[in-house]
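A.B. asks: no sequence on this one, just coordinates:
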């Protein structure tokens, strides 16, 4: 997978770096790199997933108590929980 960021006219290097970072975040490359940085035992991976799901459920309970939260956000949280 190759990411090419070309200069757009009088764009500065800083702007190009910002665009590159946005592209990597959108393609979820940063999380893949962080996940592969160290080897985790399968039991540790399961433990991390379990903790993440617990945290998501707790966050979802808090969001449901709020009055001005859109149903789309709650639906997205349910999707994250069901996909894990």
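C.D. replies: Ah, there it is. Quantities reported herein were computed from a predicted structural model and do not represent experimental measurements.

A.B. asks: what is the neighbour count of residue 10?
C.D. replies: 6 (other Cβ atoms under 10 Å). For the C-beta atoms, the positions are set from N, CA and C on the backbone; glycine is no exception.

A.B. asks: pass me the low-pLDDT residue ranges in this protein, would you?
C.D. replies: For the chain, the stretches with pLDDT under 70 are 1, 84.

A.B. asks: can you give me the domain boundaries for it?
C.D. replies: 1-38, 40-84 (automatic domain parsing).

A.B. asks: report the distance from the last one to the chain centre.
C.D. replies: Averaging C-alpha positions (Cα atoms, centre = their mean, to the nearest Å) puts domain 40-84 12 Å from its chain's average.

A.B. asks: just the helices in this protein please.
C.D. replies: Per DSSP state H, the chain carries helices over the ranges 13-26, 29-36, 42-65, 71-83.

A.B. asks: with distance to residue 4 and mean neighbour count added, can I get those in JSON lines?
C.D. replies: JSON lines is the format used below for these (distance: least, Cβ to Cβ, whole Å; neighbours: other Cβ atoms under 10 Å):
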{"stretch": "helix 13-26", "distance to residue 4": "10", "mean neighbour count": "12"}
{"stretch": "helix 29-36", "distance to residue 4": "14", "mean neighbour count": "11"}
{"stretch": "helix 42-65", "distance to residue 4": "33", "mean neighbour count": "11"}
{"stretch": "helix 71-83", "distance to residue 4": "31", "mean neighbour count": "11"}
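
A.B. asks: export these as CSV, with columns for distance to residue 5.
C.D. replies: Converted to CSV, the helices of the chain look like this (distance: least, Cβ to Cβ, whole Å):
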stretch, distance to residue 5
helix 13-26, 5
helix 29-36, 13
helix 42-65, 32
helix 71-83, 29
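
A.B. asks: go through these and name the closest to residue 7.
C.D. replies: Evaluated with Cβ to Cβ, these place helix 13-26 nearest to residue 7, the distance being 6.4 Å.

A.B. asks: for residue 57, give its distance to residue 68.
C.D. replies: 21 Å (Cβ to Cβ, to the nearest Å).

A.B. asks: revised request: answer the last question for residue 21.
C.D. replies: Counting by Cβ to Cβ - residue 21 and residue 68 are separated by 31 Å.
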